[in-house]
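Visitor: sequence plus predicted model, see below.
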Amino acid sequence: MTDRYAVIGNPIGHTKSPLIHGLFAQETRQDMSYTAIEGPLEPHDAFAATVRAFIAAGGKGMNVTAPFKLKAFAMADERSERAALAGAANALRFSDGRIVAENFDGVGLVRDIEVNLNLPMAGRRVLILGAGGAVRGALLPFLAAQPAELVVANRDIAKVRALVEQVASSGPLAACGYADLEAMGQFDLVVNATSASLTGDLPPVPPSVFSPAGSAYELAYGKRLTPFLRLARNAGVLGIADGVGMLVEQAAEAFDWWRGVRPQTRAVIDRLTVPLD
Ligand code: ATR
C-alpha cells in the first residue's frame, strides 16, 4: 500500500515540500504520496485532531511548518534532543501508535553551509542573528560543527541570554545585543536567522561584522537580494546565499528518517533556486 505523508501549516499554499518530496520519492523509487494540509487555527485542540485523523487514515509522517511547530512538539510521545532544545518539531513520524518529534531545520542548515556551499565551520568565527524558533533549532547542530566561536545576537538581549543558558553543552557560545557587535570584529560567517527579511526589514547589524573573505547566509529563500544580503554585498562579501539549500536539506533529513534512504539534493536545489539578483 502507498504510504502517506504530508506537510501541515497555515497558510500552506506556497509550500514547496510536496514538490521536493515528490522528486525524492521518484529518485529513490519509494511508494509514497505527499500532500499539503491546511491545519486549523481554531479551536485550540483542532491541530492535534487533524494530525490524529491523518494517522488514522494511514499517515506515516508529517512535516510541520508555521504556526504549528510548538503544538506538534507538545503532542508527541517521544522527542529528539534537538527538538527538545528547539521546543519545536518540524517533522513527525508515526509508528506503533506513537508520535515521534524531530527537528531537522538546524542540521539542514549546517549541511547546506558545510557540504553544499563548502564552508566548513570548524575553527571559524560564526555569528547568528536572532533568537526565535529558527535559532533554537540551530544551536546544537552549529556547536557540533565546532566553530572557534559562536555568537548569537538579538534585539531582545534577555531572550538571547536565556536561550544560550539553556544549552547545556559548554561550547564557545556567547549571547549579545546588536550594539555589542561593533567591538567584536569580523566573522567568517554571518547567518540571518531573524524573521526581519519576511517583511523586507534589516536587523540592526553593523557592517563591521562582515569579512570580505567570509560569507553571509540568509535563512529566508526566494526573496532575491534581501536588505541583509545587500548589506553584506556592500561590505564586500562575495559568498552570499539564501536558505533554499537548507529547505531541501532538512527535507532530505526527514525523508531519510522516514524511509531509510537518503535522496540526492543537488538537482532539487538547482530546480528551486531563484537567482539572488
Ligand atoms: P522564527 O520562528 O522564524 O525564528 P520568531 O520565533 O518569531 O520566528 O523569532 C523571530 C526573531 O526575529 C526574533 O529573534 C526577533 O527578535 P526579537 O526577539 O528581539 O524580537 C527577530 N526579528 C524580527 N524582526 C526583526 C527586525 N526587524 N530586526 C531584528 N530582529 C528581528
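Guide: Yep, it's here.
Visitor: and the pLDDT at residue 222?
Guide: According to the prediction, residue 222 has pLDDT 89.
Visitor: list the contacts for it?
Guide: Contact partners of residue 222, counting by C-beta atoms under 8 Å, 6 or more residues apart in numbering, are 242, 244, 272, 274. In this view, the C-beta of every residue, glycine as well, is placed from N, C-alpha and C.
Visitor: which parts of the stretch 51-200 of the chain sit against the ligand?
Guide: 130-134, 154-156, 159, 194-196 (C-beta under 6 Å from any ligand atom).
Visitor: out of the residues you listed, which one sits closest to residue 120?
Guide: Nearest to residue 120 out of those is residue 134 (C-beta to C-beta; 21.6 Å).
Visitor: weed out the non-buried ones from the residues of the stretch 51-200 of the chain next to the ligand.
Guide: Among these, those buried by neighbour count (16 or more other C-beta atoms under 10 Å) are 130-134, 154, 194-196.
Visitor: which one among those gets closest to the ligand?
Guide: Among these, residue 132 lies closest to the ligand (C-beta to the nearest ligand atom), at 2.0 Å.
Visitor: identify the residue spatially nearest to the closest one, adjacent ones excluded.
Guide: residue 195 (6.5 Å; C-beta to C-beta, 6 or more residues apart in numbering).
Visitor: about what we covered before: lowest-confidence entry in the buried ones among the residues of the stretch 51-200 of the chain next to the ligand?
Guide: residue 133 (85).
Visitor: so what's it closest to, chain neighbours aside?
Guide: residue 88 (5.2 Å).
Visitor: thought the one you found was touching residue 106?
Guide: No - look at residue 88 against residue 106 with C-beta atoms under 8 Å: they stay out of range, at 10.6 Å.
Visitor: joint contacts of these two?
Guide: Joint contacts of residue 88 and residue 106 (C-beta under 8 Å, 6+ apart) are residue 137.
Visitor: looking at these two, which one has more neighbours?
Guide: residue 106 (28 against 25; other C-beta atoms under 10 Å).
Visitor: any idea how far residue 187 is from the more buried one?
Guide: Distance, residue 106 to residue 187, by C-beta to C-beta, to the nearest Å: 18 Å.
Visitor: my read is residue 8 is in a strand, agree?
Guide: Yes - counting by DSSP: H, G, I helix; E, B strand; the rest coil, residue 8 is located in a strand.
Visitor: go through stretch 139-155 and flag the buried ones.
Guide: Quick answer for stretch 139-155 (16+ other C-beta under 10 Å): 139-143, 145, 147, 149-154.
Visitor: what segments of this protein are strands?
Guide: 3-9, 32-38, 59-64, 78-79, 91-95, 98-102, 125-129, 149-153, 173-176, 187-192, 210-218, 239-242 (DSSP state E).
Visitor: closest to residue 41 among the buried ones among the residues of the stretch 51-200 of the chain next to the ligand?
Guide: residue 133 (17.3 Å).
Visitor: list the contacts of the closest one.
Guide: Neighbours of residue 133 in contact, by C-beta under 8 Å, 6+ apart: 69-70, 86-88.
Visitor: hmm, which of these are the buried ones?
Guide: Members of the contacts of residue 133 classed as buried by 16+ other C-beta under 10 Å are 69-70, 86-88.
Visitor: residue 220 - nearest residue in space that isn't next to it in sequence?
Guide: Nearest residue to residue 220 in three dimensions, chain neighbours excluded: residue 197, at 4.2 Å (C-beta to C-beta, 6+ apart).
Visitor: make that residue 10, sorry
Guide: Closest residue in space to residue 10, ignoring its immediate chain neighbours: residue 39 at 5.0 Å, by C-beta to C-beta, 6+ apart.
Visitor: my guess is the one you found contacts residue 48. True?
Guide: No - look at residue 39 against residue 48 with C-beta under 8 Å: they stay out of range, at 9.9 Å.
Visitor: in terms of neighbours, single out the busier of the two.
Guide: residue 39 (24 against 16).
Visitor: quick check: the more buried one vs the ligand, distance?
Guide: Using C-beta to the nearest ligand atom, to the nearest Å, one obtains 16 Å as the distance from residue 39 to the ligand.
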